[in-house]
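Trainee: Build me a structure from this.
(one chain, ligands or ions: 1)
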Amino acid sequence: MTRFTISDTPRIGLKLIERHPLGDARGFLSRLFCAEELSAAGWRVPIAQINHTFTAARGTVRGLHYQLPPHAEMKLVSCLRGAVWDVAVDLRAGSPTYLQWHAEILSAENHRALLIPEGFAHGFQTQSDDVEMLYCHSSFYAPAAEAGLNPQDPRVAVAWPLAVQGLSPRDAGHPMIDAQFEGVRL
Ligand SMILES: Cc1cn([C@H]2C[C@H](O)[C@@H](COP(=O)(O)OP(=O)(O)O[C@H]3O[C@H](C)C(=O)[C@H](O)[C@H]3O)O2)c(=O)[nH]c1=O
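Mentor: Numbering: from 1, shown residues only. Okay, here's the model as predicted:
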């Protein structure tokens, strides 16, 4: 029995993953990752790292982050507590949807995740207090390869549902995209 429904999004390679928990009188068991099932969504490498974040305040924005090649990474982003408006921006050089974004509501209640391919920047805005996120990464954390888009970059024009708040100094300081920006060459 499949534990996931994999759906395309308008951005090639960006997949919506819906988990199908197994419930009983005690509660439920939900599978967060399956190498066999998620290979159909494009995840065909071992998980390198798993991260867990807690964000206290509703409206907080984290992101928009990505790692540069050769440390470009896939991410499977799941919300285990509360709810987020989760967004991915296509930075792949030559992509027909270059600089376009797509967002989904991920929550503990809807059991949804986003599978984000290499070459996308990722961010989210909490839609509740006390949000917990779980990230599966296909590449190791490489600080020297870390890059970011300013979440309020007018060229990307992410339509955050709430007023942007709670940015880390690093996220607030990401540069705006200029004419020299050519995207990520994978
Ligand atoms: C990503 C990462 C960070 N760190 C360290 C670096 C900083 O000292 C601290 C917080 O890092 P950062 O401010 O980049 O964390 P977030 O802004 O929450 O980034 C997270 O949220 C956005 C939306 C994402 O897409 C990132 O992948 C995800 O990690 O953890 C690590 O030690 N390992 C890691 O893999």
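Trainee: Who's the closest spatial neighbour of residue 135, skipping the chain neighbours?
Mentor: residue 51 (4.4 Å; CB to CB, 6 or more residues apart in numbering). The way it works is simple: take the backbone N, C-alpha and C, and place the C-beta from them, glycine included.
Trainee: my read: the one you found touches residue 132, true?
Mentor: No - applying CB atoms under 8 Å as the test, residue 51 and residue 132 come out as separate, 11.1 Å apart.
Trainee: For these two, indicate the residue with more neighbours.
Mentor: More neighbours surround residue 132 than the other of residue 51 and residue 132, with 15 against 12 (other CB atoms under 10 Å).
Trainee: tell me the secondary structure for that one?
Mentor: The three-state label given to residue 132 by DSSP: H, G, I helix; E, B strand; the rest coil is strand.
Trainee: contacting residues for it?
Mentor: When contacts are counted by CB atoms under 8 Å, 6 or more residues apart in numbering, residue 132 touches 52, 53, 54, 55, 79, 80, 81, 82.
Trainee: repeat for residue 31
Mentor: Residues near residue 31 by CB under 8 Å, 6+ apart: 3, 4, 19.
Trainee: From the ligand, how far off is the first one?
Mentor: When distances are taken as CB to the nearest ligand atom, to the nearest Å, residue 3 and the ligand turn out to be 24 Å apart.
Trainee: And residue 135, by the same measure?
Mentor: Separation of residue 135 from the ligand (CB to the nearest ligand atom) stands at 6 Å.
Trainee: buried stuff in the one helix or strand that residue maps to?
Mentor: Assigned by DSSP states H and E, residue 135 belongs to strand 131-137. Of the residues in strand 131-137, 131, 133, 134, 135, 136, 137 count as buried by neighbour count, 16 or more other CB atoms under 10 Å.
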